[in-house]
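J.: sequence below, structure please.
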Amino acid sequence: MANDKISTRKGLLALSPIVVFLVLYVAVSVIIGDFYKMPLSIAFIVASMWALLTMPRMGISERIEIFSSGAANTNILYMIWIFVLAGAFSALARGVGSIDATVNFTLWVLPEQFLLPGLFITTCFISMSIGTSVGTIVALTPFAAQMAQMTGGDTAFFVAVVLGGSFFGDNLSFISDTTIAATRTLKLEMKDKFMANIKIALPAAVMVLIYYSVVGETITITPVTPESGKWYLILPYLTVIVTAIAGINVMVVLTLGIVMSIVLGLLCGGTALMDMCQTMGEGITGMSDLIVVTLLAAGLLEVISFNGGIRFIISALTRRIHGGRGAQASIAALVSIVNVCTANNTIAIITVGKIARSISREFGISDRKTASLLDTCSCIVQCVIPYGAQTLLAAGLAHLSPVAFLPHLHYAWALAAMVVLSIVFNFPRENKLAQNSDKKLE
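T.: Residues are numbered from 1 along each chain as shown. Okay, here's the model as predicted:
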């Protein structure tokens, strides 16, 4: 472990680009009272330039090469392809009337007071079914944004409902990459982690659902009749949701949605093919800012990792741990801060998983609780950071600032409160049978 140690000066210097970013974007925005004035891309450019200056003695070409290697990561490029297809589908579905038709159908079926709870439950169900927050956000964000406009609601609030619900499934689904990462790292069966996790996540979801039910009572809409829309235009959206639930790759899902929209536009809407191509092009162009931010953030975080920032965090948080509650708090803080520095909850879990397991062994924390803390805390952070892929995607599809959702992420904040309570009051408690089961899996 000696090679993993890094001095406090070097560690703080490695992490300083994040401070530069926060000061430029968050602090400046708070001071001027407008989060739309300071472009996210400019804040990242300045922070990235500072990050390059903090690197060890090497040529500028080498520094840029390291920065670019983070931006060229296959996971980052995969997200960009999703951004491109999502922008094209969202614009095309709106252009042919699919989103309007889907919202009209929902308003016709659901009473006013059940719109918000219904949206949250639907998001939770889909995200649990497909095991990915990204796929859920792609499917439901345009729908939520249009519903907000048609009901006179706050678009950021409605989209935040989708963001929260999408991470409910990301946290609990058996096929989620975060669940797989947490259980494999801890050498734990998925069902065991789920049973510990649900005792923290479900109360948070119930509290938020009650809140949405109360808020839903204030929503008023213009009555919608069966004749209010052309219901066949729901097909592109229905295709996206059904294929997503079926577990089909999100890029294939979006492609199918685009193809279905084009077919309906040509056969039923009388829309020219070139007009639809132009609409898709505009949708892709509308995602350009998010693509630039994603590349800059990935490069910046790669430099932080190269300079030893993540190693410094791990060393600092594991240096002094006292008692079981302190150990749990350290595991929660460890995965949370590493997630801030990587903007990827799965990578954060994998990075700190072995260390978290060692801490849990030393202080008698069950593998179930440790896996739950890793998965839950990483999902909370991933939901609230404005440069996370999910938030950027939702912001692009809803044409909002990534920080516009922060005051409305009620599920994320409720889940964070439940994590704190679970550490303070040490629940869920493990019986002897569960503890023996952990030992057998070693």
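J.: remind me what the biggest helix by length in the chain packs against, helices and strands.
T.: If you go by DSSP state H, the chain has its longest helix at helix 190-216. Counting contacts by 3 or more CB pairs under 8 Å, 6 or more residues apart in numbering; DSSP states H and E, helix 190-216 packs against helix 115-130, helix 155-172, helix 177-186, helix 367-384, helix 410-424, helix 432-440. (C-beta placed from N, C-alpha, C; glycine too.)
J.: list the helices and strands whichever helix or strand comes after that helix packs on?
T.: Sequence order places helix 235-245 as the next helix or strand after helix 190-216, per DSSP states H and E. When contacts are defined as 3+ CB pairs under 8 Å, 6+ apart, helix 235-245 packs onto helix 74-96, helix 98-109, helix 115-130, helix 133-151, helix 250-267.
J.: closest to residue 327 out of those?
T.: Evaluated over the helices and strands packed on helix 235-245, closeness to residue 327 peaks at helix 133-151, with 28.2 Å, by CB to CB.
J.: rounded mean pLDDT for that closest one, please.
T.: Helix 133-151 shows a mean pLDDT of 88.
J.: angle of it against helix 250-267?
T.: In terms of direction (axes from the mean of the first three to the mean of the last three CA atoms, to 10 degrees), helix 133-151 departs from helix 250-267 by 40 degrees.
J.: low-confidence ranges, this protein, go.
T.: 1-4, 35, 220-229, 269, 430-442 (pLDDT under 70).
J.: what would the helices and strands packed on helix 190-216 look like in TSV with mean neighbour count and distance to residue 281?
T.: Rendered in TSV, the data for these read as follows (neighbours: other CB atoms under 10 Å; distance: least, CB to CB, whole Å):
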stretch	mean neighbour count	distance to residue 281
helix 115-130	22	28
helix 155-172	27	24
helix 177-186	22	32
helix 367-384	28	30
helix 410-424	19	34
helix 432-440	12	54
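J.: would a markdown table of these with distance to residue 290 be doable?
T.: As requested, these are exported to a markdown table (distance: least, CB to CB, whole Å):
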| stretch | distance to residue 290 |
| --- | --- |
| helix 115-130 | 21 |
| helix 155-172 | 14 |
| helix 177-186 | 21 |
| helix 367-384 | 16 |
| helix 410-424 | 20 |
| helix 432-440 | 42 |
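J.: let me know which of the ones you listed is the nearest to residue 325.
T.: helix 410-424 (5.7 Å).
J.: and that closest one, how far from the chain's centre?
T.: 17 Å (CA atoms, centre = their mean, to the nearest Å).
J.: which elements pack onto that helix?
T.: helix 155-172, helix 190-216, helix 323-342, helix 367-384.
J.: okay, the angle between it and helix 115-130?
T.: 70 degrees.
J.: now helix 410-424 and helix 190-216, what's the angle there?
T.: Here helix 410-424 points in a direction 130 degrees away from that of helix 190-216 (the same axes, to 10 degrees).
J.: just want the angle from helix 410-424 to helix 367-384.
T.: 150 degrees.
J.: residue contacts, residue 389?
T.: Residue 389 makes contact with 79, 134, 294, 343, 344, according to CB atoms under 8 Å, 6 or more residues apart in numbering.
J.: ok, the third one to residue 418 distance?
T.: Right, residue 294. Going from residue 294 to residue 418 by CB to CB, to the nearest Å gives 30 Å.
J.: circling back to that earlier point, the helices and strands packed on helix 190-216: which one's closest to residue 396?
T.: helix 155-172 (10.9 Å).
J.: and the angle for the closest one with helix 133-151?
T.: Using the same axes, to 10 degrees: helix 155-172 against helix 133-151 is 150 degrees.
J.: angle of helix 155-172 against helix 177-186?
T.: Going by the same axes, to 10 degrees, helix 155-172 makes 30 degrees with helix 177-186.
J.: that older thread, dump the helices and strands packed on helix 235-245 into CSV; add distance to residue 41 as well.
T.: Putting the helices and strands packed on helix 235-245 into CSV (distance: least, CB to CB, whole Å) gives the following:
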stretch, distance to residue 41
helix 74-96, 14
helix 98-109, 27
helix 115-130, 29
helix 133-151, 21
helix 250-267, 24
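J.: and those helices: which comes nearest residue 196?
T.: Nearest of the helices and strands packed on helix 235-245 (CB to CB): helix 115-130, 16.7 Å.
J.: so what secondary structure elements neighbour the closest one?
T.: Checking 3+ CB pairs under 8 Å, 6+ apart, helix 115-130 ends up next to helix 98-109, helix 133-151, helix 155-172, helix 190-216, helix 235-245.
J.: give me the contacts around the last one.
T.: For helix 235-245, contacts defined as CB under 8 Å, 6+ apart pick out 89, 93, 96, 98-99, 101-102, 126, 129-130, 135-136, 138-139, 143, 250, 252-254, 256-257, 260-261, 264.
J.: buried residues in the helix or strand residue 278 falls within?
T.: Residue 278 is part of helix 273-285, with elements assigned from DSSP H and E. Residues 276, 279, 280, 283, 284 are the ones in helix 273-285 that count as buried (16 or more other CB atoms under 10 Å).
J.: put the alpha carbons of that helix into CSV.
T.: Once non-C-alpha atoms are left out, helix 273-285 reads as follows in CSV (Å, rounded to 0.1, in the frame of the first residue of the first chain):
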residue,chain,number,x,y,z
LEU,A,273,-38.5,12.8,-45.7
MET,A,274,-36.1,15.7,-46.0
ASP,A,275,-38.1,17.7,-43.5
MET,A,276,-37.8,14.9,-41.0
CYS,A,277,-34.0,14.6,-41.7
GLN,A,278,-33.7,18.4,-41.0
THR,A,279,-35.7,17.9,-37.8
MET,A,280,-33.3,15.1,-36.7
GLY,A,281,-30.3,17.2,-37.6
GLU,A,282,-31.6,20.1,-35.4
GLY,A,283,-32.1,17.6,-32.6
ILE,A,284,-28.5,16.4,-32.9
THR,A,285,-27.2,19.9,-33.0
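J.: packing partners of that helix?
T.: helix 74-96, helix 250-267.
J.: so the shortest one versus helix 98-109, what angle?
T.: Per the same axes, to 10 degrees, the angle that helix 250-267 makes with helix 98-109 is 90 degrees.
J.: quick check: angle from helix 250-267 to helix 235-245?
T.: Using the same axes, to 10 degrees: helix 250-267 against helix 235-245 is 160 degrees.
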